[in-house]
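K.L.:
only geometry, no sequence info:
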């Protein structure tokens, strides 16, 4: 990985992309320290320290600490991720969205535009919910309708800016901008996690270190695992030339969806608490939020099921067996022992379904394992309360995906050939 980083810095174009990505992430972190107007920070911090909860810590982790500071970027990128999930699910229900999805790049741009509009709506709703929550905790003195409007507008505008910055990274930088922003938010909590780990007893330190190392190794093992489907190409006549056939393979990764299902699951499990604060005390959502309190068995099981479900869901979006089979048939390729066309699509779909199941289950186990350990080793909360299984999954997964993209770009620019 270090060699890839050094090589990337030696490429002028890639170095420019890396610097652009770093600049956007620095700006994102600065916005996490700029408080919204109309908030008494001293009263807010006092209320948080007095009535702090694991739910608030969990939400604050994905906001990079901006939530407890009630900064402009307090909502982070989660409203955009939630909007993306809902829009993708609605494509199955609404025929118009399904038609747009089949129209290729033009249709995808239209869906992206709908996602942006919906993100603004969700950000406004979530902003009001957070204001009402902190107001109920006596963290916002001298509260008025004008202040509610001002804070809501500021938080919604901050989310819109974060969404735009993430898209800029994806288009002009290196890696997935949305994932990198969550990565930056979680990495910001690493120093406090390490400091808490150093305060543990020596034996607990060893146990926590071994668990964290095992989670990292497991994530790398699953993300790099793949099934290679052999592909045979027949001889073809192109113009006046005869192209020779050859044999290659189609790599199907065990976890083709990457870290996106974990991010999706994390954004969904924080919806009930947000809706509970918006609906008020005694509501149905408050009961759901109580059941899904971070660290409870309901929360662990629900998050694991969401990870499995979103792994299949996102894999179906990024890999279309019918399209892959048509491309193979168009270019004269086939899988030995499988007829081209529909039988190839059925074969790829069956292989991918069986391949995705162990990867999805493994991801769910890794995400839930530290939370289970915390239930029987409470003193480890100073580490896993900051850097839990979900956080480690996201950090390692995003780092691997980013390095993989850098290596792919380096390979295109520095192809050495067969002779040195």
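P.N.:
The structure has been received and is ready for your questions. The structure presented is a predicted model; accordingly, all values stated were derived computationally and were not measured. Numbers count the residues shown, from 1 in each chain.
K.L.:
Lowest-scoring secondary structure element of the chain by mean pLDDT?
P.N.:
helix 381-384 (a mean of 56; mean pLDDT, DSSP states H and E).
K.L.:
On the C-terminal side of that one, identify the next helix or strand.
P.N.:
Next along the chain after helix 381-384, taking DSSP states H and E as the criterion, comes helix 389-413.
K.L.:
other SSEs contacting that next one?
P.N.:
In this structure, helix 389-413 makes packing contacts with helix 2-9, helix 12-31, helix 177-187, helix 202-224, helix 260-269, helix 342-376, judged by 3 or more CB pairs under 8 Å, 6 or more residues apart in numbering; DSSP states H and E. From N, CA and C alone the C-beta is placed, and that goes for glycine too.
K.L.:
how does the protein divide up, domain by domain?
P.N.:
1-188, 189-420 (automatic domain parsing).
K.L.:
what is the mean pLDDT for the shortest one?
P.N.:
Confidence over domain 1-188 (mean pLDDT, whole number) is 80.
K.L.:
ok, residue 298 - how many residues close by?
P.N.:
Taking other CB atoms under 10 Å as the neighbour definition, residue 298 ends up with a count of 12.
K.L.:
related to what we said a few turns ago, would you mind giving the helices and strands packed on helix 389-413 as JSON lines with mean neighbour count and distance to residue 152 added?
P.N.:
As requested, the helices and strands packed on helix 389-413 are exported to JSON lines (neighbours: other CB atoms under 10 Å; distance: least, CB to CB, whole Å):
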{"stretch": "helix 2-9", "mean neighbour count": "12", "distance to residue 152": "41"}
{"stretch": "helix 12-31", "mean neighbour count": "16", "distance to residue 152": "17"}
{"stretch": "helix 177-187", "mean neighbour count": "24", "distance to residue 152": "22"}
{"stretch": "helix 202-224", "mean neighbour count": "16", "distance to residue 152": "37"}
{"stretch": "helix 260-269", "mean neighbour count": "25", "distance to residue 152": "20"}
{"stretch": "helix 342-376", "mean neighbour count": "18", "distance to residue 152": "32"}
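K.L.:
Any chance of CSV for those helices, columns distance to residue 324?
P.N.:
Shown next, in CSV, are those (distance: least, CB to CB, whole Å):
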stretch, distance to residue 324
helix 2-9, 29
helix 12-31, 29
helix 177-187, 25
helix 202-224, 21
helix 260-269, 20
helix 342-376, 6
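K.L.:
can you tell which of these is closest to residue 69?
P.N.:
helix 12-31 (10.7 Å; CB to CB).
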